[in-house]
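J.: need a structure here:
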Amino acid sequence: MLTAIIDQICRTQSARVLAGLIRRFGDFDLAEDALQDAFAQALQVWPERGLPDNPAAWLTTVAQRRALDQLRSRKRGPVYTDEPPDLASPDTDTSGDGEAHPADTSGVEDDRLRLVFTCCHPAISPQAQTALALRTLCGLSTREIAHAFFEPEATTAQRLVRAKRKILDARIPYAVPAREDLPQRLQTVLGVVYLVFNEGYAATETPGLIRLDLCAEAIRLARLLVELMPDEPEVLALLALTLLHDARRATRMNAQGQLVPLEEQDRSAWNQVGILEGLALLDAALAHHRRGPYQLQAAIAALHAKAPRAQDTDWKQIAALYGGLLREQPSAVVELNAAVALAMAEGPQQGLYWIDRLAQREELRHYHLLHAARADLLRRLGQFAEARAAYATALQLVRSDAERSYLLRRLGECGG
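T.: Numbers count the residues shown, from 1 in each chain. Model prediction:
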């Protein structure tokens, strides 16, 4: 039982503690190693002494001790020169926020927001920026990140090594950049925050479909970005998009832990407060008359949110918006979503033609949602033998237990 609690603390607190350690020592590898040692010590100490009053503070203090020991053994000082914390007791929490350091963590001083901007420095390649942020903010494994990038795990591992070394060697500051430097990092920062939300909204490596901690963290970071850049429409749209999706969260799984598709969800149980806030933010973003991909995605989410019944959804408008998104942000995944929207607007056969062309390309060959979407359209057309084969392929590729259960249910509806 205690091991499960420690595992839960690891998933929910490690990003916050890690951000504080990176801020203090300026070395990603040192911080990660020290945090792992702290969790190993927790597994030894907590079963005997019980949980500390503030587990995050305990972990921070022990990890800082371990990091300082490693630095002394290397006969070198930390990259950054903050005064060392009071390490008298593992339960010390000098800041009151569980991170045992004197920095103000409100607003743009938030450690994890600073970490996003550090990871998204223009001196680092764009994919490496995103990979490093996902590794440190989400705690995603190298394998999970490689899956998201559709690349071998060894390639992702090398990206992470090079990015960490670049930050250390170039002394890239752990800070939110000056306002004039924000635009060159903004798109990557927004992309990272949205990927954090996506991993929380459709978790790939947990038994359930949703990781509440990651959804909440992404929304929190998006709010901080709005405070930092209130006149940037894409920032407003990102917060709108996360809120509109999050408003449906409670209806995405049934009492048996099975995925409930959008058309079957109980819309009366959607969070109307979140929807209203999301719609207001989208209106504020559109008022700037500077269109961007997050505004288009938020507009799609808004059309779903405003439809009182699934059959009232304006799929023609959604298909048109996906066409605009494909021009703004061309990618195979966006193209797949556009094909599904076309199928809903003009009939399954039209979408199936498009998906079949996509399936012949390499990018999404191992992407379970392409095969699941193809299977769904074949099922709707009554082509059950082909649908069964497509569902079987999707089941070989899917990793989420909730999605696997849903695909098995749909496979069963095809007979045979």
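
J.: how near is Ile300 to Gly324?
T.: Counting by Cβ to Cβ, to the nearest Å, the separation of Ile300 from Gly324 is 10 Å. For the C-beta atoms, the positions are set from N, CA and C on the backbone; glycine is no exception.

J.: Name the residue in the two with the higher neighbour count.
T.: Ile300 (22 against 16; other Cβ atoms under 10 Å).

J.: mind listing what's buried in the helix or strand encompassing the more buried one?
T.: Per DSSP states H and E, Ile300 falls inside helix 293-306. Buried residues in helix 293-306, counting neighbours by 16 or more other Cβ atoms under 10 Å, are found at 293-305.

J.: In terms of pLDDT, where does Ala359 sit?
T.: Note for Ala359: predicted pLDDT of 93.

J.: Use 24 as the first number from now on
T.: Sounds good: first residue 24 from here, last item Ala382.

J.: In contact with it, which residues?
T.: Arg388, Leu393, His394, Arg397 (Cβ atoms under 8 Å, 6 or more residues apart in numbering).

J.: can I assume the last one is in contact with Ala413?
T.: Spelled out, that is Arg397. Yes: with contact defined as Cβ atoms under 8 Å, Arg397 counts as touching Ala413 (4.8 Å).

J.: The stretch 24-173 of the chain: helices as residue ranges?
T.: Taking DSSP state H, counting those that start in this stretch to define them, one finds helices in the stretch 24-173 of the chain at 25-48, 51-72, 78-97, 134-142, 149-156, 165-172.

J.: Would you mind finding the most buried of the ones you listed?
T.: Mean neighbours per residue, mean count of other Cβ atoms under 10 Å, is largest over those for helix 134-142, with a mean of 24.

J.: Pull the residues that contact that one.
T.: By Cβ under 8 Å, 6+ apart, helix 134-142 touches 38-39, 42-43, 45-46, 122, 126, 128, 131, 152-153, 155-156, 159-160, 186, 190, 195-200, 208, 212, 215-216, 240, 244, 247-248, 251.

J.: repeat that for 6 Å
T.: Contact with helix 134-142 is made by 42-43, 46, 128, 152, 155-156, 197-199, 212, 215, 244, 247, as judged by Cβ atoms under 6 Å, 6 or more residues apart in numbering.

J.: can you list those in a markdown table and add pLDDT?
T.: Putting those into a markdown table (pLDDT from 0 to 100) gives the following:
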| residue | pLDDT |
| --- | --- |
| Ala42 | 85 |
| Gly43 | 87 |
| Arg46 | 82 |
| Thr128 | 37 |
| Gln152 | 89 |
| Leu155 | 89 |
| Ala156 | 85 |
| Tyr197 | 79 |
| Ala198 | 79 |
| Val199 | 80 |
| Val212 | 92 |
| Val215 | 90 |
| Leu244 | 93 |
| Leu247 | 93 |
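
J.: Tell me which two of these sit farthest apart.
T.: Comparing all pairs in these by Cβ to Cβ, the longest separation belongs to Thr128 and Gln152, at 22.7 Å.

J.: same question for stretch 405-423, mean pLDDT?
T.: Averaging pLDDT along stretch 405-423 yields 95.

J.: likewise stretch 314-333?
T.: 97.

J.: One more: stretch 367-375?
T.: The model assigns stretch 367-375 a mean pLDDT of 97.

J.: got the CA positions of it in PDB?
T.: Extracted C-alpha coordinates of stretch 367-375, given in PDB (Å, rounded to 0.1, in the frame of the first residue of the first chain):
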ATOM      1  CA  MET A 367     -18.700  13.000 -40.600                       C
ATOM      2  CA  ALA A 368     -19.700  15.900 -42.900                       C
ATOM      3  CA  GLU A 369     -20.000  14.100 -46.200                       C
ATOM      4  CA  GLY A 370     -20.300  10.400 -45.400                       C
ATOM      5  CA  PRO A 371     -17.900   7.600 -44.400                       C
ATOM      6  CA  GLN A 372     -16.800   6.700 -47.900                       C
ATOM      7  CA  GLN A 373     -15.300  10.200 -48.500                       C
ATOM      8  CA  GLY A 374     -13.200  10.000 -45.300                       C
ATOM      9  CA  LEU A 375     -12.200   6.400 -46.000                       C
END
